[in-house]
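Enquirer: no sequence on hand, only this structure:
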């Protein structure tokens with residue numbers, strides 16, 4: 001999952017260099033720095049134009065054709081009209097909506113709860129926040145395989161734990177599950193809730209971090225004034241915290257909704273859309289039509305018909321970020337603006353009830369229990385405080401917070417702990433299901449079998465090469481383009497900035513079909529070059545966006561001093577700006593490297609030969625039907641995750657500096 005990034009300021013431009021003289025007619029028409037801007041933006045424009053805009057335009061044309069043998073025949077809107085009666089397509093769209101809506105609700109509730117718990121904690125906040133970030137850091141393929149093993153109805157630890165504690169039979173008696181033991185991923189009524197659960201586990205850390213940053217930005221004097229006025233903790237939350245987080249929540253949910261709605265890799269790795277079509281999203285329908293059935297037109301129509309929904313979310317996002325970049329004078333919201341969020345929430349809730357009534361009431365029960373427990377603890381603490389027993393009130397509040405954090409950490413770290421211990425179990429321990437929590441004895445058998453039975457070393461090398469090459473290309477292009485957008489004066493800068501934002505949130509679901517056709521045309525499929533060339537489509541826009549904000553935060557006077565000393569603009573960029581932008585560059589390198597390291601969809605579609613597979617696709621190919629080598633997958637997951645965790649651990653300071661300076665400056 002990619003991080004939220006607010007828009008850079010609208011062109012904090014350097015003033016004219018001393019001695020620049022009058023502007024020529026061309027400079028007045030195109031901007032003072034148009035030549036240098038064209039040079040700096042050319043690599044970015046070529047990559048984005050050639051790999052994003054042109055493929056989307058080609059996809060529009062492809063959607064009006066059908067393949068008959070070796071020929072493609074123009075059929076107009078027939079592919080779109082066929083979708084009206086396509087049951088598989090309707091099921092895919094419904095599944096995508098259900099998956100997104102419930103996941104976002106739980107991510108907001110749990111992320112906000114975790115952020116509030118951490119915000120009021122004085123000791124160990126950084127350590128706990130770092131631990132909570134781990135699910136977001138580990139590759140998606142690791143997430144899928146760990147949860148797939150944990151939810152296994154026979155060998156999975158979830159059923160065993162719930163049975164031993166008596167919770168499982170209680171769930172069955174309350175009709176939250178149809179029978180016990182539960183087939184979490186094989187039961188049509190439980191598969192979608194299970195997939196949503198895994199997505200929530202993966203996404204809660206991202207919501208927690210962004211909400212925590214938003215809480216820090218709320219002025220403390222607002223809480224003090226509310227307390228003096230006699231407001232309770234609930235009233236302070238409703239009238240101070242939520243209004244203060246409104247913008248952060250909206251941006252975060254909008255971005256996350258775009259990515260979740262277009263999710264492919266997590267669902268495919270967990271269920272492959274099954275059982276039946278119970279979890280198949282619309283992206284899987286497009287993949288089936290275009291790649292498996294070779295009907296590119298029908299597959300392109302599936303992705304493009306969803307473009308209005310994505311376009312609406314992007315429009316909201318652009319409006320929010322433009323409001324951040326150029327804040328207007330504050331004015332009290334009218335009745336319509338106050339009521340609009342509640343109207344939207346009610347409409348979404350009714351749609352959720354209509355599309356998935358069997359999930360709706362179960363989700364309502366879970367959320368109700370969480371809120372009732374939190375309200376009970378808060379009411380008890382407030383009662384003791386009102387009775388003058390402040391020490392008891394603090395004790396109750398502290399115990400409640402500690403219990404909530406312990407439960408959250410157990411939920412977050414449990415699957416990761418399972419990966420670590422399973423990787424060191426023998427095959428007998430895994431099959432016979434003993435020594436679950438602590439291997440006895442510890443063994444390296446799974447690592448040995450992994451390298452002996454699979455070309456894992458080759459997959460690892462492929463992933464390293466592709467990640468480094470695509471990161472280097474994205475970093476160079478993003479540094480040039482980001483500087484041009486932040487510093488240079490030229491006509492069309494705002495349009496180019498908005499285009500970068502649009503390509504940043506453009507899902508891979510819209511691109512994989514035309515890119516696949518393009519790669520076939522130039523004979524680059526089943527080649528590492530196909531990944532090196534296409535990975536910048538999702539890493540370069542974010543890198544440019546972040547660096548443009550970071551360059552804008554560097555004082556213009558430093559460049560002006562270099563220009564006075566005789567440096568050219570290019571020399572000032574290389575000798576002054578780039579050294580000062582090192583934290584931002586390292587943050588970008590870290591994000592682009594991990595995104596390339598974790599990418600699944602493009603590698604899954606473009607690569608079929610074992611010798612060219614990357615780690616996510618290679619690990620997926622280790623599963624043959626119902627045969628799942630849990631031990632080897634756990635060992636592989638550990639080896640895949642360790643480099644990413646180490647990079648984030650050592651780069652955390654640069655990451656924080658880069659993101660902070662790359663955010664909006666007032």
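Expert: It's in. These numbers come from a predicted model, not from an experiment.

Enquirer: how near is residue 305 to residue 80?
Expert: For residue 305, the distance to residue 80 equals 6 Å [Cβ to Cβ, to the nearest Å]. Just so you know, the C-beta spots here come from the backbone N, C-alpha and C atoms, and that holds for glycine as well.

Enquirer: before we move on, what about residue 45?
Expert: 31 Å.

Enquirer: now do residue 36
Expert: 44 Å.

Enquirer: have a look at the two and say which one is more surrounded.
Expert: Using other Cβ atoms under 10 Å as the criterion, residue 36 and residue 80 rank with residue 36 on top: 21 against 17.

Enquirer: state the mean pLDDT of the strand or helix carrying the more buried one.
Expert: Element membership for residue 36 (DSSP states H and E) is helix 34-48. Taken as a whole, helix 34-48 has a mean pLDDT of 88.

Enquirer: contact partners of it?
Expert: 26-27, 31, 473, 476-478, 480-481, 483-484, 488-491, 493, 496, 499-500, 503, 536-537, 540-541, 544, 569-570 (Cβ atoms under 8 Å, 6 or more residues apart in numbering).

Enquirer: show me the strands in this structure, by range?
Expert: Taking DSSP state E as the test, the strands found in the chain are 65-68, 71-74.

Enquirer: can you tell me which of the ones you listed is nearest to residue 419?
Expert: strand 65-68 (42.9 Å; Cβ to Cβ).

Enquirer: packing partners for the closest one?
Expert: Applying 3 or more Cβ pairs under 8 Å, 6 or more residues apart in numbering; DSSP states H and E, one finds that strand 65-68 makes contact with strand 71-74, helix 296-304.

Enquirer: direction included, what does the shortest one pair against?
Expert: Read that as strand 71-74. strand 65-68 (antiparallel) (DSSP bridges).

Enquirer: mind listing what's buried along the strand it pairs with?
Expert: 65, 66 (16 or more other Cβ atoms under 10 Å).

Enquirer: same question, stretch 78-91
Expert: 78, 79, 80, 83, 86, 88, 89, 91.

Enquirer: check stretch 28-40 too.
Expert: Quick answer for stretch 28-40 (16+ other Cβ under 10 Å): 30, 31, 32, 33, 34, 36, 37, 40.

Enquirer: between the residues you listed, which is nearest residue 179?
Expert: Checking the buried residues of stretch 28-40 one by one against residue 179 (Cβ to Cβ), the nearest turns out to be residue 40, at 62.6 Å.

Enquirer: so where's this structure shaky on pLDDT?
Expert: 1-22, 314, 317-338, 340-341, 385-386, 388, 501, 504-507, 626, 651-666 (pLDDT under 70).

Enquirer: got the contact list for residue 143?
Expert: 135, 198, 201, 202, 266, 415.

Enquirer: mind putting these into JSON lines with distance to residue 279 and neighbour count?
Expert: Below are these laid out as JSON lines (distance: Cβ to Cβ, whole Å; neighbours: other Cβ atoms under 10 Å):
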{"residue": "135", "distance to residue 279": "20", "neighbour count": "24"}
{"residue": "198", "distance to residue 279": "11", "neighbour count": "26"}
{"residue": "201", "distance to residue 279": "16", "neighbour count": "21"}
{"residue": "202", "distance to residue 279": "15", "neighbour count": "22"}
{"residue": "266", "distance to residue 279": "10", "neighbour count": "22"}
{"residue": "415", "distance to residue 279": "19", "neighbour count": "25"}
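
Enquirer: and the furthest pair within those?
Expert: 266 and 415 (13.4 Å).

Enquirer: neighbours of the nearest residue to residue 478 once chain neighbours are set aside, how many?
Expert: Residue nearest to residue 478 in three dimensions, not counting chain neighbours: residue 543, with 3.5 Å by Cβ to Cβ, 6 or more residues apart in numbering. The number of residues packed near residue 543 is 30, by other Cβ under 10 Å.

Enquirer: touching, residue 543 and residue 480? I think so.
Expert: No - counting by Cβ atoms under 8 Å, residue 543 sits too far from residue 480 to count as a contact (10.9 Å).

Enquirer: which residue, neighbours along the chain excluded, lies closest to residue 600?
Expert: Of all residues not flanking residue 600 in the chain, residue 265 sits nearest, at 3.7 Å (Cβ to Cβ, 6+ apart).

Enquirer: mind checking how far the one you found is from residue 194?
Expert: With Cβ to Cβ as the criterion, residue 265 and residue 194 are 16 Å apart.

Enquirer: make TSV out of the helices and strands packed on strand 65-68 and add distance to residue 384.
Expert: Below are the helices and strands packed on strand 65-68 laid out as TSV (distance: least, Cβ to Cβ, whole Å):
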stretch	distance to residue 384
strand 71-74	74
helix 296-304	57
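
Enquirer: need the winner for burial among these.
Expert: helix 296-304 (a mean of 26; mean count of other Cβ atoms under 10 Å).

Enquirer: where does that helix sit relative to the chain's centre, distance-wise?
Expert: 24 Å (Cα atoms, centre = their mean, to the nearest Å).

Enquirer: identify the residues contacting that helix?
Expert: 59-60, 62-67, 72, 75, 79-80, 82-83, 89, 92, 282-283, 285-291, 293, 509-510, 513-514, 517.

Enquirer: now the buried members of those residues.
Expert: Applying 16+ other Cβ under 10 Å to the contacts of helix 296-304 flags 59, 62-66, 75, 79-80, 83, 89, 92, 282-283, 285-291, 509-510, 513-514, 517 as buried.

Enquirer: contacts for stretch 210-217 next, please.
Expert: 3-4, 111-112, 114-116, 118-119, 129, 241, 244-245, 247-249, 252.
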